[in-house]
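Asks: mind looking at a prediction? Sequence and model below.
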Amino acid sequence: MTSTVEAGRLEVAALRKQFPLLQQLSHGKRLIYLDSAASSQRPRAVLDAMDHYYETTHANVHRGVYAIAEEATRQFEMARRATGRFINAPRPDVEIVFTKNATEALNLVAHSYGRHLLPKGKAILLTELEHHANIVPWLMLAAESGAELRYIPVGEDYRLDLSELDRLIDGVGLVGVSCMSNVLGTVIDLGPVVEAAHAVGAVVVADGSQLVPQRGVDVSALGVDFLAFTGHKMLGPTGIGVLWGREDLLERMPPFLGGGEMIRDVRLDGFVPNDLPWKFEAGTPPIAEAIGLHAAIGFLESVGMEKIAAHEIGLTARAIELLTDRHGDDLQIFGPTDDLTARGGVLSFGFRDLHAHDLAQVLDAEGICIRAGHHCAKPLMRRLGVTATARASFYVYNGEDDIAALSDALDVAAAFFG
Amino acid sequence: MAGLEDLYREIILDHYRSPRNRGELPVPPAHRVEGFNPLCGDEVVVYLEVNDGTLTDLRIAGQGCSISQSSASMMSATVKGRPVEEARKLIRSFKAMMSIREQSLGGEEEAEEADARGEAEIMRPEDLGELAALQGVVKFPVRIKCATLSWNALAQGLDEIAAGVPSSD
Ligand SMILES: Cc1ncc(COP(=O)(O)O)c(C=O)c1O
């Protein structure tokens, strides 16, 4: 365990300097950002790439024939290819669809696949630990189509309980599953789920919002059929998400939103949809955001995804060790604490009988940003028997100093509320 | 920048540590309403009993942060035993105090406007007794919903009773 951590050590201080936002003070103290699972910060390189685009080459894409429009189109399509390569997509140029965020990517699948290609009478299988973004679109679909929704439960060990998978998968046409829980940190072993799904002819929609930023994902190795993720959690800008889908599936799916860009021809009585991937990109796309995402991917690759993964594992191990050491029974961790390699840098916890909101408020006064609430996973909260948890999450710019500060701040909170 | 002491006044922490009127009432005769805070998942349940136009009894159940719990506790202590019309006036006044304004942070402007219209429908924060301690919450906009959670549930309950809507269960 320790050896991986040593081998993957990041130059946190040098990395942190590249994030302008992290240079400021909050309430007169060093700003300590422990909420990257909600949204990460972005390095200077990403901000510069977007500024440079707006200052030199902004024009609408796929329309103008003048030089800057050509250049904007080229940069936009380059971003698509880089994004596809990042997840090892077989056909980056046609299989990567840019959306507004992961939520929109999942809604796209629920609409264009769920409403049109999911065979009538087939059930939809989700898990109890999904983010609302991977539950509500399916609830909406089920309300219309009458499809049955089932859930893989979460066990006492904070992992998916697959013991009933054979029974649950019977009659299923689509499986929606997160690659990593944004509450528990659990990295899901997708292998058995994908295998069971494919054995009954079901497609697998994976939510990579948390795992892609921390470990990267290889869609070819994972064997899933769709993958959704979101730019702002991986050092990129807000306003851009990604849907990867297998070409043959995307090809058969009808468009999601209608408008410009997604058509080949329009007549007064009908339209012919455009080719992939533009068929799914109605209207002016997030051009600067795609370019920003490209820069973010470049940044992540230059740091190295393997190093980042090891850093997350090491930092989480350190956090669990230090916090349990110093706060003992005052601390309750929601998430696996044994095999830390199967766990990402997201730590949900309860502290004494303090409400997460109150805890987060006191931590804020110490310059520390953590998340408090249900983390858009209310079914999971009910399963855990709580209404809210506090959550600290770590990324490339976090170091052991941040964890020590978190621990100190917990003492302050304990003293404050007596 | 607003500090913690603006938010967590001693009286708020006191109500949080020893909440008043905590519990449930048998339904019926009592009326039960739930309030949810979508932000943090907090849930409050208000039980109220109205007899001859008076809020004769009131209990608070559910769970939440110190702000939502203490606000509910203070609310119960303030409105219990009062005529329904007075309770409604307190609700309006409290919500006015909790709304964000660009200039003054409090219910004064609304009170002045109401005075100008010749209505004394809204009380000023200084006339709200210990409830005024919650004024500081306005400086923490995310927490306003915590403070108003139980008040909205109470308002809903009074409306339901007036309209003869059956209690939730
Ligand atoms: C696991 C998971 N899925 C989906 C989302 C939704 O991401 P976005 O809000 O960018 O669509 C999030 C982010 O909160 C998440 O953590």
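Replies: Sure thing, it's come through.
Asks: now the closest residue to A:Asp157 other than its chain neighbours, what's its secondary structure?
Replies: Leaving out its chain neighbours, the residue that sits closest to A:Asp157 by CB to CB, 6 or more residues apart in numbering or on different chains is A:Pro336, at 6.3 Å. C-betas here are computed from N, CA, C, even on glycine. Of the three states, A:Pro336 takes coil under DSSP: H, G, I helix; E, B strand; the rest coil.
Asks: so what's A:Pro336 up against?
Replies: By CB atoms under 8 Å, 6 or more residues apart in numbering or on different chains, the residues touching A:Pro336 are A:Asp157, A:Tyr158, A:Arg159, A:Leu184, A:Gly185, A:Thr186, A:Ala342, A:Arg343.
Asks: and the closest residue to the fifth one other than its chain neighbours, how many neighbours?
Replies: Meaning A:Gly185. Nearest-residue entry for A:Gly185: A:Val346, 3.9 Å, with adjacent residues in sequence omitted and distances by CB to CB, 6+ apart. Counted with other CB atoms under 10 Å in any protein chain shown, residues neighbouring A:Val346 total 25.
Asks: tell me the contacts of A:Val346?
Replies: When contacts are counted by CB under 8 Å, 6+ apart, A:Val346 is found next to A:37, A:180-185, A:210, A:316, A:335, A:391-394.
Asks: distance to A:Leu22, pLDDT and neighbour count added to those, as a markdown table?
Replies: Formatted as a markdown table, the contacts of A:Val346 follow (distance: CB to CB, whole Å; pLDDT from 0 to 100; neighbours: other CB atoms under 10 Å in any protein chain shown):
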| residue | distance to A:Leu22 | pLDDT | neighbour count |
| --- | --- | --- | --- |
| A:Ala37 | 16 | 98 | 28 |
| A:Met180 | 24 | 98 | 26 |
| A:Ser181 | 26 | 98 | 33 |
| A:Asn182 | 22 | 98 | 28 |
| A:Val183 | 25 | 97 | 27 |
| A:Leu184 | 26 | 97 | 28 |
| A:Gly185 | 22 | 97 | 30 |
| A:Gln210 | 21 | 98 | 30 |
| A:Thr316 | 20 | 96 | 23 |
| A:Gly335 | 25 | 96 | 23 |
| A:Arg391 | 19 | 98 | 26 |
| A:Ala392 | 16 | 98 | 26 |
| A:Ser393 | 15 | 98 | 26 |
| A:Phe394 | 13 | 98 | 27 |
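Asks: taking the contacts of A:Pro336, tell me the two that lie furthest apart.
Replies: For these, the farthest-apart pair by CB to CB is A:Asp157 and A:Gly185; their separation is 12.6 Å.
Asks: I figured A:Arg16 hits A:Leu22, correct?
Replies: Yes - counting by CB atoms under 8 Å, A:Arg16 does reach A:Leu22; the two are 5.5 Å apart.
Asks: which ones are touching the most centrally placed residue in chain B?
Replies: With distances taken as CA atoms, centre = their mean, chain B has B:Trp151 as the residue nearest its mean C-alpha position (3.2 Å). By CB under 8 Å, 6+ apart, the contact list for B:Trp151 reads B:Ser71, B:Met75, B:Ile91, B:Phe94, B:Lys95.
Asks: nearest to A:Cys369, of those residues?
Replies: For the contacts of B:Trp151, the minimum distance to A:Cys369 (CB to CB) is 24.9 Å, reached by B:Ser71.
Asks: mind listing what the closest one touches?
Replies: For B:Ser71, the contact set (CB under 8 Å, 6+ apart) comprises B:Leu134, B:Cys146, B:Ala147, B:Thr148, B:Leu149, B:Ser150, B:Trp151.
Asks: of those residues, which is the nearest to the ligand?
Replies: Among the contacts of B:Ser71, B:Cys146 lies closest to the ligand (CB to the nearest ligand atom), at 21.4 Å.
Asks: neighbours of that closest one, just the number please.
Replies: Using other CB under 10 Å, B:Cys146 has 28 other residues around it.
Asks: picking that back up, could you export the contacts of A:Val346 as a markdown table, including distance to B:Tyr16 and secondary structure?
Replies: As requested, the contacts of A:Val346 are arranged in a markdown table below (distance: CB to CB, whole Å; DSSP: H, G, I helix; E, B strand; the rest coil):
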| residue | distance to B:Tyr16 | secondary structure |
| --- | --- | --- |
| A:Ala37 | 29 | coil |
| A:Met180 | 35 | strand |
| A:Ser181 | 31 | coil |
| A:Asn182 | 29 | coil |
| A:Val183 | 26 | coil |
| A:Leu184 | 29 | coil |
| A:Gly185 | 30 | coil |
| A:Gln210 | 34 | coil |
| A:Thr316 | 32 | helix |
| A:Gly335 | 28 | coil |
| A:Arg391 | 22 | strand |
| A:Ala392 | 24 | strand |
| A:Ser393 | 28 | strand |
| A:Phe394 | 31 | coil |
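Asks: check the residues you listed one by one and keep those near the ligand.
Replies: Near the ligand, judged by CB under 6 Å from any ligand atom, the entries from those are A:Asn182, A:Gln210.
Asks: I'd like to know which helix or strand in chain B has the lowest mean pLDDT.
Replies: Ranking every helix and strand in chain B by mean pLDDT, DSSP states H and E puts helix B:108-116 at the bottom, with a mean of 55.
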